[in-house]
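Visitor: take this sequence and fold it.
(one chain, ligands or ions: 1)
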Amino acid sequence: MAEENASFEEALKRSRMIEEDIKEHKERYRVLTGDRPTGSLHIGHLFGSLRNRVRIQNEGIETFIVIADYQVLTDRESAAMISENIKELTKDYIAAGLDPENGRTFIFPHSHVPELNQLLLPFLFLVTNSELDRNPTVKEEIKATEGRAISSGTYIYPVHQAADILAVKGNLVPVGKDQLPHLEIARTITKRFNKRFPMEKPTFYAPEPLLSEAPMIMGLDGFQKMSKSRGNTIMLKATADETAALIKKAKTDSERVITYDPENRPEVANLLKITSLCTGEAPEAIAERIGDGGAGKLKAVLTESLNEYLAPLRAKRLELEGNDDYIRSVLTRGIEKARAEASDTLDKVRKAMNMTI
Ligand code: TRP
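Guide: Here you go, the predicted model:
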């Protein structure tokens, strides 16, 4: 555990250095990151990762977003909702500020990029089963299945994720802590490939994780992570009234005076934190302002701040709602670009592996 924390600290430090370097050398970086299309997004996603992606995109960095549709099958049986969720996700992305019209932001589902998927095959020869066995994130996921049989696809999905990144030559991967072990596998694959199949110029460059100061916000129940399956979220696409109703039901405590005390008053602290993320004001200052207005006032302040903050995003989302043709065109362009990159990568891989004809 201590070792794990040390490497986390290390990764954080490196991420800060990269953040500095991005400002000077944006042409050196290409972001690849993504999500599983398991549903539409909530404010935990917005504050935890989306806002950060948009910020980096707006620094002028090329940004590839993979919608990891195959990965949905790692923890669920049914594909019934995948197509719909791909579109939902794309709408949330665009509403949140990812801009497929800027000429350098591309959104694509990986099932539509055959060259990317083919890259999985050579990569599978570069990792051992026991390395996959040791991946802590996969271990957690396996534990969560409570004894159900694990498919090979679930086992090797971190290798597939390396293909997501390396096929399109991503070298900067904004992710959360849980994804660091996968990034490590991608880095290992890079090094082993270059060593085993040496070329004058290395075929792959090791991708770097980018950890942000992403705040972890709790669900409205105040004691666990915000997650749709736990029914404690506020969806980005919720209306202002729905948002007000959800916040009204949020858990607080019986103390009258509002204070920011994450240790002893986690529910109240969480609501203050979300308010703070919307207004930019420190949570302590918000608490002071509310004072003996109590939980009622706190909820009113949060409702107003959040609805105001989300208003432009929601307006944009509503505009996209009836426009599946546009969403399809965004994805088609993303797929074309990803295929062009991945096809070039695959050519290089064949050359390095002496498989040209
Ligand atoms: N596994 C990631 C998640 O569940 C999604 C993902 C798929 C991803 N491919 C990726 C993230 C490549 C970063 C890079 O959130």
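Visitor: OK, contacts around the residue of the stretch 201-350 of the chain found nearest the ligand?
Guide: Proximity of the stretch 201-350 of the chain to the ligand (CB to the nearest ligand atom) peaks at P207, 8.3 Å away. In this view, the C-beta of every residue, glycine as well, is placed from N, C-alpha and C. Shown in contact with P207 (CB atoms under 8 Å, 6 or more residues apart in numbering): L32, I165, L166, G170, N171, L172, V173, L183, A186, R187, T190.
Visitor: distance of it from D164?
Guide: Distance, P207 to D164, by CB to CB, to the nearest Å: 10 Å.
Visitor: now E304: which helix or strand?
Guide: Using DSSP states H and E, E304 falls within helix 294-321.
Visitor: same for that helix, what does it pack against?
Guide: helix 82-96, helix 240-248, helix 266-279, helix 283-290 (3 or more CB pairs under 8 Å, 6 or more residues apart in numbering; DSSP states H and E).
Visitor: would you mark the buried spots in the second one?
Guide: Translated: helix 240-248. Across helix 240-248, burial judged by 16 or more other CB atoms under 10 Å covers T243, A244, L246, I247.
Visitor: re the thing from before, who wins for most neighbours among the contacts of P207?
Guide: Counting neighbours by other CB atoms under 10 Å, I165 leads the contacts of P207 with 29 neighbours.
Visitor: quickly find the element holding that residue.
Guide: Residue-wise, I165 maps onto helix 152-167 under DSSP H and E.
Visitor: got the domain ranges for the chain?
Guide: Residue ranges for the domains of the chain, per automatic domain parsing: 2-214+324-352, 228-320.
Visitor: okay, those in JSON lines with distance to G222 next?
Guide: JSON lines is the format used below for these (distance: least, CB to CB, whole Å):
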{"stretch": "domain 2-214+324-352", "distance to G222": "13"}
{"stretch": "domain 228-320", "distance to G222": "3"}
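Visitor: for those, give me TSV that also has mean pLDDT.
Guide: Written out in TSV, the entries for the domains of the chain read as follows (pLDDT from 0 to 100):
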stretch	mean pLDDT
domain 2-214+324-352	94
domain 228-320	96
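Visitor: what's the closest of these to D221?
Guide: domain 228-320 (4.6 Å; CB to CB).
Visitor: what about that closest one, how long is it end to end?
Guide: With CA to CA, to the nearest Å as the measure, domain 228-320 spans 22 Å from end to end.
Visitor: so which residues on the stretch 1-150 of the chain come close to the ligand?
Guide: Contacts of the stretch 1-150 of the chain with the ligand, taken as CB under 6 Å from any ligand atom, map to L32, T33, G34, D35, R36, V66, A68, Q71.
Visitor: what is the nearest of those residues to E213?
Guide: Looking at those and their distance to E213, the nearest is T33, at 16.3 Å (CB to CB).
Visitor: now do the contacts for S276.
Guide: A282, P283, I286.
Visitor: in PyMOL, select just the buried ones from those residues.
Guide: Restricted to buried positions by 16+ other CB under 10 Å, the PyMOL selection for the contacts of S276 reads:
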select buried, resi 283+286
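Visitor: pretty sure L277 sits against P215.
Guide: Yes. When contacts are counted by CB atoms under 8 Å, L277 is listed as touching P215 (6.5 Å).
Visitor: name the residues contacting each of those two.
Guide: By CB under 8 Å, 6+ apart, L277 and P215 have these common neighbours: F47.
Visitor: out of those two, which sits in the more crowded spot?
Guide: In this view L277 and P215 are compared by other CB under 10 Å, and L277 has more residues nearby, 19 against 14.
Visitor: nearest residue to the more buried one other than its sequence neighbours?
Guide: F47 (5.0 Å; CB to CB, 6 or more residues apart in numbering).
Visitor: same thing with F204?
Guide: Nearest non-adjacent residue to F204 (CB to CB, 6+ apart): T190, at 4.2 Å.
Visitor: just the element for that neighbour, please.
Guide: helix 180-196.
Visitor: what's the neighbour count on I82?
Guide: Applying other CB under 10 Å, we find 19 residues neighbouring I82.
Visitor: try the one 4 residues further on
Guide: By the measure other CB under 10 Å, the count of residues near I86 is 22.
Visitor: same check, this time on V31
Guide: Other residues near V31 come to 25 when the count uses other CB under 10 Å.
Visitor: also G39?
Guide: Residues near G39, counting by other CB under 10 Å: 17.
Visitor: so it: helix, strand or coil?
Guide: Following DSSP: H, G, I helix; E, B strand; the rest coil, G39 is assigned to coil.
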